[in-house]
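> structural data only, the sequence is not supplied:
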């Protein structure tokens with residue numbers, strides 16, 4: 001895991017690609033209506049006010065969860081060498097769901 005962490009940290013393009021694709025695909029599985037372009041826009045700007053696709057508004061929770069997912073990914077990189085614990089799993093859920101309904 002440390003090798004993956006080091007590769008992601010040392011290669012910015014790989015880090016960005018992983019953040020956007022991991023977030024988009026994970027959130028899509030959960031029913032998010034964000035497009036990949038909208039997910040990338042949130043990553044690049046950290047702004048929740050995104051361009052609607054096909055005049056369809058995106059629920060605020062979808063945008064919040066995408067932003068939170070980026071933060072969770074960073075937390076996971078930071079703690080990858082630590083043993084997984086109940087407290088860590090609770091912290092991960094708190095990061096992901098912060099501000100959502």
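Looks like it came in fine. Model, not experiment: these values are computed from the prediction.
> what's stretch 44-61 in contact with?
When contacts are defined by C-beta atoms under 8 Å, 6 or more residues apart in numbering, stretch 44-61 is touched by residues 33-35, 37-38, 41-42, 63-64, 67, 100-101. (Glycine included, C-beta is placed from N, CA and C.)
> per-residue pLDDT, the residue sitting furthest away from the middle of the chain?
Note on the chain: the largest C-alpha distance from the chain mean falls to residue 55, namely 23.9 Å (C-alpha atoms, centre = their mean). With respect to pLDDT, residue 55 has a value of 71.
> would you map the helices across this protein?
2-10, 12-29, 36-45, 60-79, 86-97 (DSSP state H).
> kindly reformat those as CSV containing mean neighbour count.
What follows is the helices of the chain, written out as CSV (neighbours: other C-beta atoms under 10 Å):
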stretch, mean neighbour count
helix 2-10, 12
helix 12-29, 15
helix 36-45, 18
helix 60-79, 18
helix 86-97, 12
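> let me have the ones you listed in TSV, extended by mean pLDDT and distance to residue 51.
As requested, the helices of the chain are exported to TSV (pLDDT from 0 to 100; distance: least, C-beta to C-beta, whole Å):
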stretch	mean pLDDT	distance to residue 51
helix 2-10	78	28
helix 12-29	94	16
helix 36-45	93	7
helix 60-79	94	12
helix 86-97	97	24
